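1. Starting from these lines, generate the structure:
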Amino acid sequence: MRAPAEDKKVDLKELVEAALDAEDLTPLVRLFFDSRPPGQTGHLDKAIRESTRGDLDPDERDGDTITAALQQVEEEQTANIVQLCRTNADEIAASLLGLGNMGEQATDLRGRLVEANEALQGAGQSLLSRLTELRELSRAQQAISDTRKAVSEGAKLLQICAGVSRLLTEGKLYRALKLLERVPSDALLPGSPLNATRASGQSPTPGTNVNGSPGARQRGAALPASDLGVLQPFAAGRLQQLADSIEQQALSDVKSWLVKVRAEARSVGMGAARRAARARQTEAALAAERKALVTQLPSLASAYEAAAPIAQRLTATKGGQLGGAALDPAANPAAVQVLAGGAQAASQGDLLLGIDMTLLHRGVHIHKTLGKMRTFKDYYYSNRRLQLQSDMAAPSRFLETYQPFCAQLVGFFVVEERVQRSAPDLASSSQVDVSWESAVACIKSAVESGLDAITTPLPLLYIKDFLLLCCSTLGQCGYAVGPLQEMLVVQRSRYHDLLSQALQPLVNAAAKAEPWPPLEVTTEAQAAELRDMLGLPLLVAVDAAVPQVPFQAPFTAAIPELLRLARRWVEESAAYLAGLTGLSDVTAMVRQHRDRMLVRIGVDALQKRVEGFHMAGKDPQRRSMQLVADAWALSQALPTLDDYTLVCTRGSSGKDRASKWSQKGAQHRRNASGVPHSLDTPRAGITSQSAMPRPASFSTQGAGNQAVGAMQSLQEAGERVVVRVVASQAGALMGTASLQDWLPDHAPRSNTPSEFVTDIIAFIKDELKSGQAAMPDSSFCYVARTLFDFVGKEVMALLGEDRIAAFNMFAIFRLHRDVTTLANFAETCYPPGLVNGLAEPIQFCDIMSTARLEEIIDPRKRQQSYAAIDINELVPVIDKYRELSGKSKQPESFLKRRTVDKVIRQLTLQLRDPDLSSVGAM
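-> Next comes the predicted model:
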């Protein structure tokens, strides 16, 4: 067996051989470095020397073994190579001999190739010279052909230019441009507008490109594109001159068109207003026809019969044959004026019939074809803007020239709408909107400044009506006319102020008329007008039958005149507000302004009439009662005036309104003569001495609260005048009572009342009779209650006066008899409950004559049995009480003075300390 060292060498040798065969020494290098101890350095030869000295261990000699194995393999391979060379020496020699023979053959082949190349070069040189000569001849021939073609194309181009010049001279710009479009593109310079337009593929009109129609393209095909050579700059310059000439001529035509448009704008605007007026007239005619047919519907046999007249009228309307319905001049003054100033045919045709739009459209087409549309658009806008600024110059005398001023602006924008519709690339919506906003601001400023010089309402009504006609046309053209309509709505306050100023002198004149006697109704027609048309009550009694004429109305002649003026005011107010808002809004606005007018003018005039009324003259109380009746009658006519306002705002003519109102019938308005009155409705007192309930007599149905309140205040003012007159006369009669003996020596010997009581009863009887005949029930009841209340207060005030220093029980007995007589009389009078006004003197006489004065000290008993007595006034009155003296002896049943003093002390304490009264009541 071999030793392990030998086996290791054999393995190393196999490893070295395998590495050499694989041409990869990586395993050997790894094995070599792995055999070195860590940290040991040195070269391979040093390691070999150390191994020969035997200083290393066997494991440390692996590197040497690897080196030895490599050397051994090298020796073996060298020996193999030498052996291989010895074995194949003959073959190697034969190969070297073959290589030598091949070199000689290659040298011979190279010589023959050089000779063949020299022969080919000589032949090619001869062919090249002939080819050069042929090329020069072909070039000369092509140049001659191109020149002939260029001359031919130049001649054709000059013929086209001549034709364009001739068409320009004749003014046929469109045909000249179409002929110019047949020029080939390469005949133009690169910067030519025509060339640029063709390159961009723009189309001047829908369905046709810049080269024209399909037929034009076929004609242009006869002119193929070619190079004109030196003629091209000349031809391009000539073509550019022709294009510029077409452009200049088109601009000149557009300038002429702009001048003509501005000159015709006013006629266009007036035609537009006339057309709007005609449409309004047609609408009014249709409305009248509808109303007439509606009245016939119940009598028609079938729906077919009902539809046949309507279809006939609609056919007549479409054919322009509808007529017979004239506009109301009061409600449509400007429309009637405009229709009278022009023919019907003019308002039915095209508004731009006198304006030829061909020049503008041709200009648009030419500039679009030339690629200068933006420049032309700016030119058009700047010129139209200058024209608009000139048209917007506010006239110095607006009231005289507002129609031409507005018509000029309307015509401008009617033309702009047509231009925008037919040439949308020329006039943009934004530019037109900016111009329209400027025009609206100008019109508003001119109207507002012109209104400063207006002193009557009619010019403002004309302005409003004409502006509405303009707004109707412009609104159909798509313009925002809302700001103008809002301006007219805002000016309604100005119009109504002017209307009120014009009406005020007439109202004042009617109110200053003599308030006596009442109006004398002499005919049935007059009675029907007052009752049915004006809604005035013919009698103050609610359920009384209408008397036969002649008779006296409960009001004076001023009240019907005021109502006629109010109806006229309503008509003119509705005329202004018509067309500005909806029907419901117009009705509300007319009522609002009407109520304000009634308060500021009508009621104010009657109020001054009441305040300026003097008590001098014959029958002052009758005159004051007449004022109350006038105010009441005017308030009763408010619902009728509301109905008339509603009829006016629905747009009927004056005749229609009169006929409609007469058809309302008397039954609906007869009930306006009065309403049932409640006697329990409280109201604050008229005078400082009284606080009486007043019945409600005003119906607020339909009428505005402002007008109702003003009428009620007016009626109350008249009632206060009646109360002052009656109270002054009653006070004079009551003053005679102080002349009696208030310390008599004996009791009354009969039940005959005092003379002043007889006089006051006769006076009250006359006043109640005249008041019930002259005043409405509500006012009569109030005056009657106030009068009895005044008498009762006057009795107590009589005892408290300084003229009566003292009184005794016999005077109390006499006063008790007189007050009882007044109370019995009050029980027989209308309205019921008048005796309540005498409650205080009755309770005072009872408590004094029955010697129960101490009961009034108890607050609870005072509240139950003597509530009408005012203890503040009672204390100074009873302080004047004196016991009987002299011949008359004081009976034991009579009131003692010490009892009176005790009551005075207790009442004085209660007046000083109200808590005592409340404690006593508890």
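
2. can you give me the strands in this structure?
-> Applying DSSP state E to the chain gives strands spanning 520-521, 551-552.

3. Parallel or antiparallel, which strands does the last one pair with?
-> In the sheet containing strand 551-552, the strands it pairs with under DSSP bridges are strand 520-521 (antiparallel).

4. Please report the distance of the residue nearest to Ser500 when sequence neighbours are not counted from Tyr495.
-> Here the nearest residue to Ser500 in space, its sequence neighbours aside, is Met597; by C-beta to C-beta, 6 or more residues apart in numbering that works out to 5.1 Å. The C-beta positions use only the backbone N, C-alpha and C, and glycine is treated the same way. Distance of Met597 to Tyr495, computed by C-beta to C-beta, to the nearest Å: 12 Å.

5. By average pLDDT, which secondary structure element in the chain comes out worst?
-> Scoring the helices and strands of the chain by mean pLDDT, DSSP states H and E places helix 214-220 at the bottom, with a mean of 37.

6. Flag every buried residue along stretch 151-163.
-> Glu153, Gly154, Lys156, Leu157, Ile160, Cys161, Gly163 (16 or more other C-beta atoms under 10 Å).

7. quick one: pLDDT of the residue nearest to the last one when sequence neighbours are not counted?
-> Distance criterion C-beta to C-beta, 6+ apart; nearest residue to Gly163, sequence neighbours excluded, is Leu179 at 5.4 Å. Confidence at Leu179, expressed as pLDDT, is 81.

8. number of nearby residues for Leu179?
-> Counted with other C-beta atoms under 10 Å, the neighbours of Leu179 add up to 21.

9. For it, which residues are in contact?
-> Ile160, Gly163, Val164, Leu167 (C-beta atoms under 8 Å, 6 or more residues apart in numbering).

10. out of those residues, which one sits closest to Leu884?
-> Nearest to Leu884 among the contacts of Leu179 is Leu167, at 140.7 Å by C-beta to C-beta.

11. sorry, back to before: next, format the contacts of Leu179 as TSV and append distance to Arg238 and pLDDT.
-> Below are the contacts of Leu179 laid out as TSV (distance: C-beta to C-beta, whole Å; pLDDT from 0 to 100):
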residue	distance to Arg238	pLDDT
Ile160	10	79
Gly163	13	82
Val164	9	80
Leu167	15	82
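
12. Throw these into a markdown table and include distance to Val603, thanks.
-> Below are the contacts of Leu179 laid out as a markdown table (distance: C-beta to C-beta, whole Å):
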| residue | distance to Val603 |
| --- | --- |
| Ile160 | 90 |
| Gly163 | 88 |
| Val164 | 85 |
| Leu167 | 82 |
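
13. And Asp745, how close does it get to Ser885?
-> Distance from Asp745 to Ser885, by C-beta to C-beta: 9 Å.

14. again but with Arg374, I slipped
-> Counting by C-beta to C-beta, the separation of Arg374 from Ser885 is 125 Å.

15. One more: Pro547?
-> On the measure of C-beta to C-beta, Pro547 and Ser885 end up 64 Å apart.

16. go on, Gly269?
-> When distance is defined by C-beta to C-beta, Gly269 is 106 Å away from Ser885.

17. of those two, who's got more company?
-> Neighbours per residue, other C-beta under 10 Å: of Gly269 and Ser885, the larger number sits with Gly269, 28 against 11.

18. low-confidence ranges in the stretch 501-650 of the chain?
-> By pLDDT under 70, the low-scoring segments of the stretch 501-650 of the chain are 513-516, 542-543, 610-620.

19. top helix in this structure by residue count?
-> The residue-count maximum for a helix in the chain (DSSP state H) belongs to helix 89-170.

20. helices and strands around that helix, which ones?
-> Packing contacts for helix 89-170, counted by 3 or more C-beta pairs under 8 Å, 6 or more residues apart in numbering; DSSP states H and E, involve helix 173-180, helix 231-296.

21. In a markdown table: those, plus distance to Met533.
-> Output for the helices and strands packed on helix 89-170, formatted as a markdown table (distance: least, C-beta to C-beta, whole Å):
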| stretch | distance to Met533 |
| --- | --- |
| helix 173-180 | 70 |
| helix 231-296 | 21 |
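
22. Need the winner for burial among those.
-> Comparing the helices and strands packed on helix 89-170 by mean neighbour count (mean count of other C-beta atoms under 10 Å), helix 173-180 ranks first with a mean of 21.

23. now the angle between helix 231-296 and that helix, please.
-> Relative orientation of helix 173-180 versus helix 231-296 (axes from the mean of the first three to the mean of the last three C-alpha atoms, to 10 degrees): 140 degrees.
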